[in-house]
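structure of the sequence below:
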Amino acid sequence: MKDSFFKKIYSHPNIKNDNYKTIIEAHERVEFFKNDTILSEGKISNAYYLIKKGLFRSYVIDYKGNEITTDFFGPNDILIEVASLFLRIPSKETIQAITDCEVYKIDFNDFQNLYSTIDGFTEWGRAWMSHQLFMAKHRAVNMHTQSASQRYLNLAEEKPLIIKEVPLKHIATYLGITDTSLSRIRKEVLS
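Next up is the predicted model:
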């Protein structure tokens with residue numbers, strides 16, 4: 001069961017089956033509880049996490065002092081603050097558990113070791129990062145080209161667990177709308 005979890009996340013044709021034992025051993029099982037802070041703004045990230053169970057969000061504080069959700073992370077996602085981890089700079093985001101969570105943590109140095117010793121891991125990393133860049137661009141374009149209702153429907157289709165489990169205030173800031181607008185959209189969608 002644990003092998004299949006890691007093989008799903010680190011799926012790449014150049015990673016050999018015998019490499020997965022080394023990959024799994026580089027991770028440590030960790031639990032977080034609802035509202036735990038995993039990374040605080042201003043701190044440098046020293047690890048990333050594979051999410052087995054639970055939900056997280058990343059957020060920033062805007063110029064008015066409001067929390068703005070920048071992303072959600074759920075089962076089989078990688079919980080990471082890419083810029084802080086790889087550029088070794090203080091994070092602009094805070095990452096928080098929305099529910100109780102089970103994750104597998106890999107420290108930056110252990111990741112670097114896998115990256116330099118497993119050829120397929122390097123290729124996996126490049127493919128994963130390319131996909132993340134594509135998704136970030138896609139989200140940025142959608143924020144300007146889609147209505148709030150369409151953005152909500154897309155989120156409901158792509159990440160139904162977020163719609164079901166996350167407080168509306170976090171979903172609203174993620175979609176770039178007010179709580180009141182989100183309530184109206186939900187009523188329209190459900191009717």
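
pick out the residue nearest the middle of the protein.
Closest to where the C-alpha atoms of the chain average out (CA atoms, centre = their mean) is Phe73, at 3.6 Å.

where along this protein do the strands fall?
28-32, 37-39, 47-53, 56-61, 67-73, 78-79, 94-97, 101-107 (DSSP state E).

can you list the buried residues in the top helix by length along the chain?
Looking across the chain with DSSP state H, the single longest helix is helix 119-145. Using 16 or more other CB atoms under 10 Å as the test for burial, helix 119-145 gives Gly120, Phe121, Thr122, Trp124, Gly125, Trp128. Placement of C-beta: from N, CA and C, glycine included.

check which helices and strands it is in contact with.
Packing partners of helix 119-145 (3 or more CB pairs under 8 Å, 6 or more residues apart in numbering; DSSP states H and E): helix 19-25, helix 108-117, helix 148-158.

need these in CSV with mean neighbour count, can you?
Below are the helices and strands packed on helix 119-145 laid out as CSV (neighbours: other CB atoms under 10 Å):
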stretch, mean neighbour count
helix 19-25, 15
helix 108-117, 14
helix 148-158, 15
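
looking at those, which is nearest to Glu41?
helix 108-117 (18.6 Å; CB to CB).

most packed of the strands of the chain?
The highest mean neighbour count among the strands of the chain, using mean count of other CB atoms under 10 Å, belongs to strand 94-97: a mean of 22.

can you tell me what sits against that strand?
32-41, 54-60, 79, 81 (CB atoms under 8 Å, 6 or more residues apart in numbering).

if we can go back for a sec, who does the residue nearest to the centre of the chain bridge with?
Phe56 (DSSP bridges).

was I right to think it contacts Lys53?
No. Using CB atoms under 8 Å as the test, Phe73 is too far from Lys53 to be in contact (11.8 Å).

what touches both of those two?
With CB under 8 Å, 6+ apart, Phe73 and Lys53 have no common neighbours.

where does pLDDT dip in the chain?
In the predicted model of the chain, residues 1-2 satisfy pLDDT under 70.

and with 90 instead?
1-3, 17, 119, 186-191 (pLDDT under 90).

restrict stretch 71-80 to CA atoms and write it as PDB.
Extracted in PDB, the C-alpha atoms of stretch 71-80 (Å, rounded to 0.1, in the frame of the first residue of the first chain):
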ATOM      1  CA  ASP A  71      -3.500  27.400  -3.000                       C
ATOM      2  CA  PHE A  72      -5.100  24.200  -1.600                       C
ATOM      3  CA  PHE A  73      -3.400  20.900  -1.200                       C
ATOM      4  CA  GLY A  74      -5.000  17.500  -0.700                       C
ATOM      5  CA  PRO A  75      -4.400  13.700  -0.900                       C
ATOM      6  CA  ASN A  76      -1.700  12.700  -3.400                       C
ATOM      7  CA  ASP A  77      -0.500  16.300  -3.800                       C
ATOM      8  CA  ILE A  78       3.000  17.600  -2.900                       C
ATOM      9  CA  LEU A  79       2.800  20.300  -0.200                       C
ATOM     10  CA  ILE A  80       5.600  22.700  -1.000                       C
END
